[in-house]
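Participant: here's a sequence, model it:
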Amino acid sequence: MLPLGSPTEPQISINRTDGITGDDFLTLTCTSQSQSIPEDYRLDVNYNWTRAGEPIDPSDPPPRHTVTGEDRETLRIDVPNREDNGVEYQCVAQEETSSLESDVTVTLDVKCEQEFP
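Facilitator: Just a heads-up that it's a prediction; the model follows:
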């Protein structure tokens, strides 16, 4: 049996850091690398997402959420709003066929403009 390693600590990139308005969306993309040995035996890394500690099912995500990518590495949140403020999203990277995993968490800071009549 070849030695398996946990994937590198994932990194979450966010598609925008400026304000979000109207019909905008937010995209979180998770990346990690296999560390299994030998190097030419690197495994694919798959990703799982949680929102506020609850797993996001890629085939039945919460409203306004979509999980995409061959390895489920991208989470799209349509029209983030006040209810998303302070919510923790976690990405868990796991090498295929391995139980070893690494994770990273990001907390959303959503600022909504209030409209006045």
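Participant: apart from its chain neighbours, what residue comes closest to residue 95?
Facilitator: residue 43 (4.2 Å; Cβ to Cβ, 6 or more residues apart in numbering). Using the backbone N, CA and C atoms, a C-beta is placed for each residue, glycine as well.
Participant: please look at the one you found and residue 96 and confirm they touch.
Facilitator: Yes. In this structure, residue 43 is within contact of residue 96 by Cβ atoms under 8 Å, at 5.1 Å.
Participant: more neighbours: the two, which one.
Facilitator: residue 43 (17 against 11; other Cβ atoms under 10 Å).
Participant: secondary structure class for that one?
Facilitator: coil (DSSP: H, G, I helix; E, B strand; the rest coil).
Participant: now the most centrally placed residue in the chain: closest residue in space, sequence neighbours ignored.
Facilitator: Here the mean C-alpha position of the chain is nearest to the C-alpha of residue 91 (Cα atoms, centre = their mean), at a distance of 4.3 Å. Once flanking residues are discounted, residue 91 sits nearest to residue 30: 3.6 Å by Cβ to Cβ, 6+ apart.
Participant: and the one you found, how far from residue 82?
Facilitator: 25 Å (Cβ to Cβ, to the nearest Å).
Participant: wait, what's in contact with the residue nearest to residue 95?
Facilitator: Residues near residue 43 by Cβ atoms under 8 Å, 6 or more residues apart in numbering: 4, 34, 36, 95, 96, 97, 98.
Participant: buried among these? Need that as a selection in ChimeraX.
Facilitator: Remark: buried members of these, expressed as a ChimeraX selection using 16 or more other Cβ atoms under 10 Å:
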select :4,34,36,95,98
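Participant: farthest-apart pair in the contacts of residue 43, please.
Facilitator: 34 and 97 (11.0 Å; Cβ to Cβ).
Participant: helices and strands around the worst-scoring helix or strand of the chain on mean pLDDT, which ones?
Facilitator: Within the chain, no helix or strand scores below strand 101-107, which has a mean of 82 by mean pLDDT, DSSP states H and E. If contacts are counted by 3 or more Cβ pairs under 8 Å, 6 or more residues apart in numbering; DSSP states H and E, strand 101-107 sits against strand 11-14, strand 88-95.
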